[in-house]
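Trainee: I'd like to go over a predicted model; first the sequence, then the structure.
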Amino acid sequence: MTKYIHYCWFGGKPLPKLAKKCLKSWEKYLPDYKIIRWDESNVDINECNFIKGAYKKKKWAFVADYARTKAMYDYGGIYFDTDMEVIKNIDDLLKNNESFLGVEDSHMIACGVWYEKNKHSYLATQMLSFYRQQDSFDIDDLYKISIPRVISNILSDYDSSNFETQTLKHNITIYKREYFYPLSYDHQYNIFTDKTCMIHYYDASWTPKWEQRENKIFRIFGKNNGNKIINTTKKTKKFTKKVIKIFAHPMIKYIKKRRLITNEYLKNINETISKIPTSYDINYIAFYNKKWFGVSNATKELFEISVPCEEIYRKKDINKICMKIKKCNYKQVIFSGFCIGWKELAIKLHDNGIIVKTYFHGSHSQALEPYGWKMNMEIYELATKGIITKMATCKESLVNFYKKYNCPICLLSNKVNLTKYKRNRTNDIVRIGLYAAKTDDFRKNAFAQIAAVSKLNIENVEIDMVPLTNNAKKIANLLNIRIIGVEHSLSREELLKRMANCDVISYVTFSECAPMTTLESFTEGVPCIVGNNCHYFKDDKLNDYIVVNQEDSPQKIAEKINYALENKEYIMSLYEKWYKNYLKETEKLFDEFIRDGVSSGK
């Protein structure tokens, strides 16, 4: 009966001197064993996701983990790492055991040497099953899937606090460290005895390069001296980086800024300056970023004088805008939203005696967005310094939050004054609108709303979605729902026309509490259901008809859609009464916001 020694070598590089030395030791002490090298020539790299992913990432040690397990399952025998040297006869170990491994200095079971008398052993079977069950190769957690951890998890009856040789279930022997792993990982706590029959040299090619370098230093210079060398190197490296940063940073910053000063940028700056009215009977002007469609629409609806102003990168552009505002004798500037450069413009305006206010449309869920959160914090900081005299928000929850911190906060509600578009759809299909529904933003809750449509029990139903994404199509197809739409943003006019052709619009999100979409939908004569984070209807009968109290439940969303379809006329009559009161309150809040801090009109 043929007996086998297995080793693995992937990646195509020549065997190093250490590996050749170890192979010779196997031949010397185990001359009756046939040595098999497992590599790309005789291993199916695509056999499962684990080995396929490991090979793609060039993590050869993990490719070998699967290959050695498969070899031991199919053949039995002895597996050796290429850095495992046999230094004396091991016939007694082979004769007296059906299966054995050893432990390394961490007291975890290691696999530098692994013996199985028979193929299809318990351990090989369990390990092979583990690897084949992995959906992918997790490169972000190599320690978790390292073979010592895998084996230790399978052999749960192994006691890591017992430093003696142990016999486990399934006749598996775990030899104590001195047998096979007398060297410690960093070579500082070595244990050699007369029982030592092998030496594992811890080549550890799968560990990070920095860890390999540090261990080589420890092995050469010892732990104490090694730490001194490493710490000195780190300090020197840190100091060098700091010096380079000090001298290079101004130049890098200049180069980056120059790249931003494009013809498009200059055109936008000139547009902002040219659109500031030179003569008007209003004492304020509101800025908005025209790339933000929702904010743009809200700003234009609310403020009589609104001017597009995108990000500002140069001090001289800030000065030009400030001079134009001052020349036109505007007493206050309102920033609707907030973007890069507006902080510096706000400070400049304040220094020139102009009142600065903000109208923020976001929410604290923007803590997940570096840009949005930074802008939110800039507003807060400017307000605490008295540069911003009033922080308006359309979200009631933010008003309650900032009041606790004595911020100059106030509520300023959205409003819409739109032309109602005629419905031009004649078919009998029930259409559910799903707009501003980004599938890559969990806060928009797009997939739960798509799933809700599948629960309507309406034979002819479809979703109209903007923007329509591939993921939305996949989910809709999976649920057998017809879905139409466009894959890009639309102008407000085009979007309103689509709204007018819907039967119900669903805007059940996790972050909005004052959505323009809802007001626009109702203005077009279409009921819009919302989540219970919308404060619009909390004290009104409409709350019972259109507010979903469990936003993540497709079933609850479907119930409200059905309710809105069945009671459409009544809902619209309730909305008309509600909006009259809402509009009065909105105008009152607006007047208070504009008058605050201003002694007289222009």
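Mentor: Here it is on my side, so go on.
Trainee: mind showing which ranges of the protein have poor pLDDT?
Mentor: 185-188, 203-227, 230, 243-258, 599-602 (pLDDT under 70).
Trainee: residue closest to the middle of it?
Mentor: Of all residues in the chain, the one closest to the mean position by C-alpha atoms, centre = their mean is Leu368, 8.8 Å from it.
Trainee: State the distance from that residue to Gly362.
Mentor: According to C-beta to C-beta, to the nearest Å, Leu368 stands 11 Å off from Gly362. To be clear about C-beta, it is placed using only N, CA and C from the backbone, and glycine gets the same treatment.
Trainee: Name the residues contacting each of these two.
Mentor: Counting by C-beta atoms under 8 Å, 6 or more residues apart in numbering, Leu368 and Gly362 have no shared contacts at all.
Trainee: thinking again about what came up before, tell me the contacts of the residue nearest to the centre of the chain?
Mentor: If you count contacts by C-beta under 8 Å, 6+ apart, Leu368 has none.
Trainee: count of neighbours near Glu271?
Mentor: 14 (other C-beta atoms under 10 Å).
Trainee: If you count neighbours, what's buried in stretch 52-61?
Mentor: Using 16 or more other C-beta atoms under 10 Å as the test for burial, stretch 52-61 gives Lys52, Gly53, Ala54, Tyr55, Lys59, Trp60, Ala61.
Trainee: all strands in the stretch 151-300 of the chain, in order from the N-terminus.
Mentor: All strands of the stretch 151-300 of the chain, identified by DSSP state E, counting those that start in this stretch, fall at 166-168, 172-175, 198-200, 284-288.
Trainee: Convert stretch 40-54 to PDB, retaining C-alpha atoms only.
Mentor: Presented in PDB, the C-alpha positions along stretch 40-54 are these (Å, rounded to 0.1, in the frame of the first residue of the first chain):
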ATOM      1  CA  GLU A  40      -1.600  24.600 -10.400                       C
ATOM      2  CA  SER A  41      -0.800  21.500 -12.500                       C
ATOM      3  CA  ASN A  42      -2.800  19.000 -10.500                       C
ATOM      4  CA  VAL A  43      -5.300  21.100  -8.400                       C
ATOM      5  CA  ASP A  44      -8.600  22.400  -9.700                       C
ATOM      6  CA  ILE A  45      -8.400  26.100  -8.700                       C
ATOM      7  CA  ASN A  46     -12.100  26.600  -9.500                       C
ATOM      8  CA  GLU A  47     -13.400  23.700  -7.400                       C
ATOM      9  CA  CYS A  48     -15.000  26.000  -4.800                       C
ATOM     10  CA  ASN A  49     -15.400  29.700  -4.100                       C
ATOM     11  CA  PHE A  50     -12.800  29.600  -1.300                       C
ATOM     12  CA  ILE A  51      -9.800  28.400  -3.300                       C
ATOM     13  CA  LYS A  52     -11.000  30.300  -6.400                       C
ATOM     14  CA  GLY A  53     -11.000  33.600  -4.400                       C
ATOM     15  CA  ALA A  54      -7.800  32.900  -2.600                       C
END
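Trainee: before we move on, back to that, could the strands of the stretch 151-300 of the chain go into a markdown table alongside mean neighbour count and distance to Lys315?
Mentor: Putting these into a markdown table (neighbours: other C-beta atoms under 10 Å; distance: least, C-beta to C-beta, whole Å) gives the following:
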| stretch | mean neighbour count | distance to Lys315 |
| --- | --- | --- |
| strand 166-168 | 16 | 73 |
| strand 172-175 | 22 | 70 |
| strand 198-200 | 22 | 63 |
| strand 284-288 | 24 | 18 |
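Trainee: right, and these - which one's nearest Thr586?
Mentor: Minimum separation from Thr586 across the strands of the stretch 151-300 of the chain (C-beta to C-beta) falls at strand 284-288, 15.5 Å.
Trainee: residues making contact with that closest one?
Mentor: Outside strand 284-288, the residues that reach it (C-beta under 8 Å, 6+ apart) are 272, 276-277, 295-296, 299-300, 302-303, 305-309, 325, 328, 330-337, 342, 359, 594.
Trainee: who touches Val530 in this structure?
Mentor: The contact partners of Val530, by C-beta under 8 Å, 6+ apart, come to Tyr507, Val508, Thr509, Glu512, Pro515, Thr518, Tyr536, Phe537, Ile546, Val547, Val548.
Trainee: What about these, which one has the most neighbours?
Mentor: Among the contacts of Val530, the one with the most neighbours (other C-beta under 10 Å) is Val508, at 32 neighbours.
Trainee: Direction included, what does the biggest strand by length in the chain pair against?
Mentor: When the chain is parsed with DSSP state E, its longest strand is strand 109-116. Using DSSP bridges, strand 109-116 pairs in its sheet with strand 77-80 (antiparallel), strand 99-103 (antiparallel).
Trainee: Looking at these, spot the one closest to Lys474.
Mentor: Per C-beta to C-beta, nearest to Lys474 of the strands paired with strand 109-116: strand 77-80, 43.6 Å.
Trainee: Export only the CA atoms of the closest one, formatted as PDB.
Mentor: The C-alpha trace of strand 77-80 is given here as PDB (Å, rounded to 0.1, in the frame of the first residue of the first chain):
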ATOM      1  CA  GLY A  77      -0.800  10.200   4.700                       C
ATOM      2  CA  ILE A  78       1.300  13.100   6.000                       C
ATOM      3  CA  TYR A  79       1.100  16.800   5.100                       C
ATOM      4  CA  PHE A  80       4.100  19.000   5.700                       C
END
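Trainee: ok, and what's touching it?
Mentor: Contact partners of strand 77-80, identified using C-beta under 8 Å, 6+ apart, comprise 3-7, 22, 26, 30, 33, 68, 71-72, 86, 94, 111-116.
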